[in-house]
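Participant: Provide a 3D model corresponding to the input given below.
(2 chains, ligands or ions: 1)
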Amino acid sequence: MLGVQKMKFNSYHEPETIEECIQILDEQGADAKILAGGTDLVIRMRSRVFKLKAVVSLNAIPELSEVTLKEDGLYIGAMARLMDVSKLELLTDAWEIVKTGAGNVSSMQVRNIATLGGNTCNASPSADTVPSLVVSGAIANIIGKNGPRSVLLEDFFTGPGKTVLAKDEILVSFKLPNYADKTGAVYKKYSIRGDTDIAIIGVAGKITLNAQGEVVDVKIALGGVAPTVMRVPKAEAFLTGKKLTDQLIEEAAVIASESCTPITDARATKEYRTEMVRVWVRHVLTDAAQEAQKN
Amino acid sequence: MQNKSNFIKVDCEVNGKPVSLHVSPDQTVVDVLRNELGLTGTKKGCDDGNCGACTILLDGKAAKSCSMLIGQVRNKKITTIEGVSNGEILHPMQQAFIDTFAIQCGFCTPGMILSGIAILNENPDADEEEIREGLHGNLCRCTGYVKIVEAVEIARDRMNAGGAKNEI
Ligand SMILES: Cc1cc2nc3c(=O)[nH]c(=O)nc-3n(C[C@H](O)[C@H](O)[C@H](O)COP(=O)(O)OP(=O)(O)OC[C@H]3O[C@@H](n4cnc5c(N)ncnc54)[C@H](O)[C@@H]3O)c2cc1C
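Facilitator: Residues are numbered from 1 along each chain as shown, chains lettered A, B, ... in the order given. This is a model prediction of the structure:
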């Protein structure tokens, strides 16, 4: 019965500095789990997907929620709440796609508590913020007992629910590198009941044009159709250097649908997902190209 | 058997009153509200973050109390349905739910009312579309949402016209 299901763990830690946090994680080893907003973790602990001894909360480390605009880009703390990210004024033009991703996660109640770092570290293939961060070229800044390191976000995931993080490491922040002029970026989530639902697929696309209107850079990221969010290098290479037409975009969309490896689950069949990739990559690239002309 | 040695102390404010809890850290906020504090107006529906019946306000913002550990409310202000009225005077959101009959079985109602308040806290002029977007995380299995949306609109209009505003 639902009512009697109980999670059990022995200790709750709330470090106030990153150093203290890493020390606790190091001591607790594989028995500890990091708590950000808890919207994934708490549910999973109760359904006993996770069995653990200790919970280490990041909620008392203020610097993890900081947002800072620097010369080399925008830094967003891992503990930034999705509601705040979805309204962040510093996310202008080609960075607005990150707002869209955050705004697409579930409901007001979940966005108020859930964090950008939690959405990433949860490593769901259908996490709504990840495709946008990936096409933005986001870098994950990590820290652990051996010091800091940085990883390109698209290399951060190693499988469903799996990341490159070691037991003693936490995600500290994301860096969004500055974007070029004439860049447009668009994310579209396809789900049955809007935001509240987990995406059937999610598609992000970013296009940079030169003065002649040719594609100098394009990135496509797909959510929900592979073990991790995936880029589509073949479609990107196909479009690079060309002046976009509807025909070329359609061909790139076909390449994308042939590149993904979706599964069938409660939300959709693999055949349907494959077909929807073709449709939504077309929409996303068409809109991103239009944005790029404007910016 | 509960081993009290790992209990944690959580100071917070519940419905305007300071509360000092000494609780097992593996409890969720909804369980502490209902079982320790007797505030059973906060409902436990799906218990997995989907239905919104457990919605509370945390520092004025809506949150689902089933997917938060009790440690997460340390130093925060919690408002439950028991804390929205001003004594005998109902909050305009409660009154509007009654006036529009936006209730059937009533199980989703506390969460709906708190979400309604949170929507208007954030945006006092929320239009129908924004209200519907805000209510996305609250499921009602009886009425459909027409009356509920209407209730929030009426509460909005009354509050904007200067009707008993309740700062929460
Ligand atoms: C009803 C409901 C609907 C949802 N809908 C969506 C949706 O539409 N789209 C979507 O993408 N997601 C959805 N989710 C999933 C979830 O809300 C998001 O993934 C959320 O962003 C998780 O963030 P959090 O801060 O709550 O993470 P938590 O639950 O606290 O953590 C998630 C995981 O990441 C780890 N972690 C967190 N932060 C760090 C860090 N800084 N360093 C290292 N590890 C860390 C935790 O240990 C845990 O394993 C939904 C969840 C619910 C309950």
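
Participant: from here on, contacts and neighbour counts on C-alpha atoms
Facilitator: Noted.

Participant: what's the nearest residue to the residue of chain B found nearest chain A if we skip its chain neighbours?
Facilitator: Nearest residue of chain B to chain A, counting by CA to the nearest CA: B:Ala63, 4.2 Å away. Closest residue to B:Ala63 apart from its sequence neighbours, by CA to CA, 6 or more residues apart in numbering or on different chains: A:Gln109 at 4.2 Å.

Participant: that neighbour: which element?
Facilitator: helix A:108-113 (DSSP states H and E).

Participant: and the next helix or strand past that helix?
Facilitator: helix A:116-121.

Participant: hmm, who's touching the following helix or strand past that following helix?
Facilitator: Counting by DSSP H and E, the element after helix A:116-121 in chain order, helix or strand, is helix A:130-135. Outside helix A:130-135, the residues that touch it by CA atoms under 8 Å, 6 or more residues apart in numbering or on different chains are A:97-98, A:101, A:119-120, A:153-154, A:176, A:186-187, A:202-206, A:219-223, A:229.

Participant: wait, what's in contact with residue 118?
Facilitator: No chain was given, so I picked chain A. Contacts of A:Gly118 (CA under 8 Å, 6+ apart): A:36-37, A:40, A:78-79.

Participant: can you look at chain B instead?
Facilitator: Here B:Ala118 is in contact with B:57, B:60-62 (criterion: CA under 8 Å, 6+ apart).

Participant: in the helix or strand encompassing it, what's buried?
Facilitator: Using DSSP H and E, B:Ala118 sits within helix B:109-122. Across helix B:109-122, burial judged by 16 or more other CA atoms under 10 Å in any protein chain shown covers B:109-121.

Participant: thinking again about what came up before, and the two most separated of the contacts of A:Gly118?
Facilitator: Distance extremes for the contacts of A:Gly118: the farthest pair is A:Asp40 and A:Ala78 at 15.1 Å, using CA to CA.

Participant: picking that back up, any idea which helix or strand comes after the helix holding B:Ala118?
Facilitator: helix B:128-134.

Participant: mind checking how far stretch B:108-126 is from the chain centre?
Facilitator: 9 Å (CA atoms, centre = their mean, to the nearest Å).

Participant: the spatially most central residue of chain B and B:Leu120: what is the separation?
Facilitator: Central residue of chain B (CA atoms, centre = their mean): B:Ile56, 3.0 Å from the mean position. Separation of B:Ile56 from B:Leu120 (CA to CA, to the nearest Å): 15 Å.

Participant: again with A:Glu96
Facilitator: 25 Å.

Participant: so what's the gap between the helix holding A:Gln109 and the chain middle?
Facilitator: 16 Å.

Participant: pLDDT weak spots in the stretch 101-250 of chain A?
Facilitator: Scanning the stretch 101-250 of chain A for pLDDT under 70 picks out A:195.

Participant: was I right about A:Gln109 contacting B:Ser65?
Facilitator: No: under the criterion of CA atoms under 8 Å, A:Gln109 makes no contact with B:Ser65, lying 9.4 Å away.

Participant: need the residues touching each of the two.
Facilitator: Counting by CA under 8 Å, 6+ apart, the residues touching both A:Gln109 and B:Ser65 are B:Thr55.

Participant: nearest residue to A:Leu248 in space, please, no chain neighbours.
Facilitator: A:Leu239 (7.2 Å).

Participant: the strand or helix carrying the residue nearest to the centre of chain B pairs with which strands?
Facilitator: Per DSSP H and E: B:Ile56 is located in strand B:55-58. Sheet pairing of strand B:55-58 (DSSP bridges) gives strand B:61-64 (antiparallel), strand B:77-79 (antiparallel).

Participant: for the ones you listed, which one ends up most surrounded?
Facilitator: strand B:61-64 (a mean of 28; mean count of other CA atoms under 10 Å in any protein chain shown).

Participant: I'd say B:Pro124 and B:Arg156 touch.
Facilitator: Yes: in terms of CA under 8 Å, B:Pro124 counts as a neighbour of B:Arg156; the distance is 6.7 Å.

Participant: of those two, which one has the most company?
Facilitator: It is B:Arg156, of B:Pro124 and B:Arg156, that has more neighbours when counted by other CA atoms under 10 Å in any protein chain shown, with 25 against 14.

Participant: in what helix or strand does A:Ala235 lie?
Facilitator: Going by DSSP H and E, A:Ala235 is part of helix A:233-239.

Participant: identify all contacting residues around that helix.
Facilitator: A:215, A:218-220, A:248-249, A:252-253, A:255-256.

Participant: what does the next helix or strand after that helix contact?
Facilitator: Next helix or strand after helix A:233-239 toward the C-terminus (DSSP H and E): helix A:246-259. If you take CA under 8 Å, 6+ apart as the criterion, helix A:246-259 is touched by A:232, A:234-236, A:238-239, A:274-282, A:285-286.

Participant: beyond helix A:246-259, next helix or strand please.
Facilitator: Scanning onward from helix A:246-259 (DSSP H and E), the first element met is helix A:270-294.

Participant: can you pull out the helices in chain B?
Facilitator: Ranges of helices in chain B, per DSSP state H, are B:29-31, B:92-99, B:109-122, B:128-134, B:146-160.

Participant: pLDDT on the third one, on average?
Facilitator: Mean per-residue pLDDT for helix B:109-122: 98.

Participant: got it, and stretch A:269-282?
Facilitator: 96.

Participant: how about residues contacting it?
Facilitator: So stretch A:269-282 is contacted by A:188, A:200-201, A:203-205, A:222, A:225, A:249-250, A:252-254, A:256-258, A:260-264 (CA under 8 Å, 6+ apart).

Participant: ditto for stretch A:44-55
Facilitator: So stretch A:44-55 is contacted by A:5-13, A:28, A:31-35 (CA under 8 Å, 6+ apart).

Participant: mind picking the two most distant members of these?
Facilitator: The widest separation within these (CA to CA) is 24.9 Å, between A:Gln5 and A:Gln28.

Participant: more crowded one of these two?
Facilitator: A:Gln28 (17 against 10).

Participant: the more buried one: helix or strand, and which one exactly?
Facilitator: helix A:18-28.

Participant: what residues sit buried inside that helix?
Facilitator: In helix A:18-28, counting by 16+ other CA under 10 Å, buried: A:18, A:21-26, A:28.

Participant: any part of whichever helix or strand comes after it near the ligand?
Facilitator: Later in the chain than helix A:18-28, the nearest helix or strand by DSSP H and E is strand A:32-35. Yes: against the ligand, strand A:32-35 shows contacts by CA under 6 Å from any ligand atom at A:33-35.
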